[in-house]
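Novice: this one's sequence-less:
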């Protein structure tokens, strides 16, 4: 109705304009239908080239619309289950037979080969029972899922077709902030749409959208349904696969993210060749290198990743990496932060020989590691709130780590440390996020096994920031205790 009303409004205004012009000399139409006394001359010259018409015309045929059908089972209404029989039916209430229920979704995809391979997002086709692909010429195909990688949100489809138009990949590492970017896709299922913007940022990570993040950020309008579509540069080359937006309403707010073409191509090639993605495994848990940690660990500069924990029996443990190491580079390439290190390891092949330059106890050294193969473990991850956990001990109550506490905290027998049993809500520690249940294991890199030992170590540095290692929910991380003042 709104579209129709808008069109009628336009016609009404246009009609009024004609009536108004009817009173102007030289433009009135006679009652007999004669031509106006002044003829309007129309230019025969071709319109000047402007905008990105040629680029769009070349790329639109390579972007497809994807619809998927997912079948789930839900319980229908049935008879009331008496309470005495509830344990056999999962609880009291209405129960009925499980009935299949269909749900549908829509997204976009990019043709990458003339014989029908299509690149899209994993979340567009995940758990789909049927996938349909519609080309720009309106031909429709049933697609086969070749493989998907949920860790990067990449999936590859295959349709039975030949001589298809394709996109041209480019090196996404050369994309710069400020470059033009065009997003092509099927927003809200309305049909192929092109929006323009610029690259707002590169190497965006740590957002919690995917496990491996290296996003290109753009302000080109990206909306639901654009997922899996193309992000191209001013030359029409593919720089990314549109995947996510940041929006409180679900609509475009000018903050969209695309998976870089280099990462998408790396994952895609493995999915096509083997149907799965194989990644290297280092065996460390990482946290960000904050200015406070850098100062406490005697690290110059503001780049690197802190090793907060090392997995027993992992390649890192076998090579001698330790908790508290700060990794600065891998195979000569500088590590900007923990997100980049995770990507560098994840993009490596199992069996790769890697050399890590790191700082340990204020001294720089190199450690050689032969990377393993990632299975169900995670290469690395920042702990929740790790960037904000520079905690103080003022207002903190601690107790001995008794067998009872070990059982409550699910710690191995023989674990050492002191347990935090209370935190003053008005203290610096509370403001920084220290919690009851945290176990303090080290003070200034020295192990503590009792409350007396903790007090002794703290007394040795009464006016300095203190570096703590704590165990939280089974994982180790470092925090800096600021000096009181």
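Specialist: On my side now, so go ahead. The structure presented is a predicted model; accordingly, all values stated were derived computationally and were not measured. Residues are numbered from 1 along each chain as shown.
Novice: Okay, buried residues for stretch 322-342 please.
Specialist: Going by neighbour count (16 or more other Cβ atoms under 10 Å), the buried part of stretch 322-342 is 323-330, 335-342. Where C-beta positions appear, they are placed from N, C-alpha and C, glycine not excepted.
Novice: Those: which two are farthest apart?
Specialist: 323 and 336 (21.4 Å; Cβ to Cβ).
Novice: can you give me the helices in the stretch 351-485 of the chain?
Specialist: Ranges of helices in the stretch 351-485 of the chain, per DSSP state H, counting those that start in this stretch, are 403-408, 428-432, 451-459.
Novice: Report the buried residues of stretch 146-163.
Specialist: So for stretch 146-163, counting by 16+ other Cβ under 10 Å, buried means 146-149, 151-159.
Novice: Dump those into CSV; add secondary structure as well.
Specialist: Shown next, in CSV, are the buried residues of stretch 146-163 (DSSP: H, G, I helix; E, B strand; the rest coil):
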residue, secondary structure
146, strand
147, strand
148, strand
149, strand
151, coil
152, coil
153, coil
154, strand
155, strand
156, strand
157, strand
158, strand
159, coil
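Novice: ok, those residues vs residue 228, which is closest?
Specialist: residue 155 (7.9 Å).
Novice: so what's that closest one up against?
Specialist: Applying Cβ atoms under 8 Å, 6 or more residues apart in numbering to residue 155 gives the contacts 119-122, 124-126, 145-149, 228, 271.
Novice: same question, residue 359
Specialist: Contacts of residue 359 (Cβ under 8 Å, 6+ apart): 297-299, 304, 325-326, 328, 365.
Novice: If we use 10 Å, what do you get?
Specialist: By Cβ atoms under 10 Å, 6 or more residues apart in numbering, the contact set of residue 359 is 289, 294, 297-301, 304, 306, 324-328, 365.
Novice: Can you list which of those residues are found in helices?
Specialist: residue 294 (DSSP state H).
Novice: before we move on, the earlier item: ok, of the helices of the stretch 351-485 of the chain, where does mean pLDDT dip lowest?
Specialist: For those, mean pLDDT drops lowest on helix 428-432, to a mean of 64.
Novice: What's the first helix or strand after the helix or strand bottoming out on mean pLDDT in the chain?
Specialist: In the chain, no helix or strand scores lower on mean pLDDT, DSSP states H and E than helix 2-21, which sits at a mean of 33. Next along the chain after helix 2-21, taking DSSP states H and E as the criterion, comes helix 53-59.
Novice: Show me which residues of that following helix are buried.
Specialist: 55-56, 59.
Novice: what do you get for stretch 116-134?
Specialist: Residues of stretch 116-134 classed as buried: 116-125, 128, 131-134 (neighbour count, 16+ other Cβ under 10 Å).
Novice: With stretch 231-240 instead?
Specialist: 231-233, 236-240.
Novice: Which single one of those residues is nearest to residue 447?
Specialist: Of the buried residues of stretch 231-240, the one sitting nearest to residue 447 (Cβ to Cβ) turns out to be residue 240, at 47.0 Å.
Novice: circling back: how about the buried residues of stretch 146-163, which pair is most distant?
Specialist: Across the buried residues of stretch 146-163, no pair lies farther apart than 151 and 159, at 25.0 Å, counting by Cβ to Cβ.
Novice: Does residue 256 touch residue 243 like I think?
Specialist: Yes - between residue 256 and residue 243 there is a contact at 8.5 Å, judged by Cβ atoms under 10 Å.
Novice: Quick check: neighbours shared by these two?
Specialist: Common contacts of residue 256 and residue 243 (Cβ under 10 Å, 6+ apart): 215-216, 222, 226, 231.
Novice: taking those one by one, which sit in strands?
Specialist: Using DSSP state E, the members of the shared contacts of residue 256 and residue 243 that fall within strands are 215-216, 231.
Novice: Tell me the pLDDT of residue 203.
Specialist: Confidence at residue 203, expressed as pLDDT, is 89.
Novice: ok, it - contacts?
Specialist: By Cβ under 10 Å, 6+ apart, the contact list for residue 203 reads 173, 175, 213-217, 260, 336-337, 339-340, 343.
Novice: do residue 265 as well
Specialist: Per Cβ under 10 Å, 6+ apart, neighbours of residue 265: 112, 119, 154, 169, 171-172, 238, 241, 259.
Novice: now do residue 294
Specialist: Taking Cβ under 10 Å, 6+ apart, we find residue 294 in contact with 300-304, 306, 326, 359, 480.
Novice: By neighbour count, which of those residues wins?
Specialist: residue 304 (28 neighbours; other Cβ atoms under 10 Å).
Novice: separation between that residue and residue 355?
Specialist: To residue 355, residue 304 is 15 Å away according to Cβ to Cβ, to the nearest Å.
Novice: Same check on residue 137?
Specialist: Noted for residue 137: a distance of 52 Å to residue 355, by Cβ to Cβ.
Novice: between the two, which one's more packed in?
Specialist: Shown here are residue 137 and residue 355; by other Cβ under 10 Å, residue 355 has more neighbours (12 against 7).
Novice: Do I have it right that residue 195 meets residue 226?
Specialist: Yes - when contacts are counted by Cβ under 10 Å, residue 195 is listed as touching residue 226 (8.5 Å).
Novice: Those two - which one has more neighbours?
Specialist: The neighbour comparison of residue 195 against residue 226 (other Cβ under 10 Å) goes to residue 226, with 29 against 19.
Novice: can you pull the contacts of the closest residue to the more buried one other than its chain neighbours?
Specialist: The spatial neighbour of residue 226 that comes closest, neighbours along the chain excluded (Cβ to Cβ, 6 or more residues apart in numbering), is residue 185 at 3.6 Å. Listed by Cβ under 10 Å, 6+ apart, the contact set of residue 185 reads 63-66, 107-110, 192-195, 222-231, 241-242.
Novice: Could you do residue 309 as well?
Specialist: For residue 309, the contact set (Cβ under 10 Å, 6+ apart) comprises 283-287, 316, 322-324, 380, 383, 469, 471, 474-478.
Novice: what lines up beside the helix or strand that contains it in the sheet?
Specialist: Element membership for residue 309 (DSSP H and E) is strand 305-310. Using DSSP bridges, strand 305-310 pairs in its sheet with strand 284-288 (antiparallel), strand 326-330 (antiparallel).
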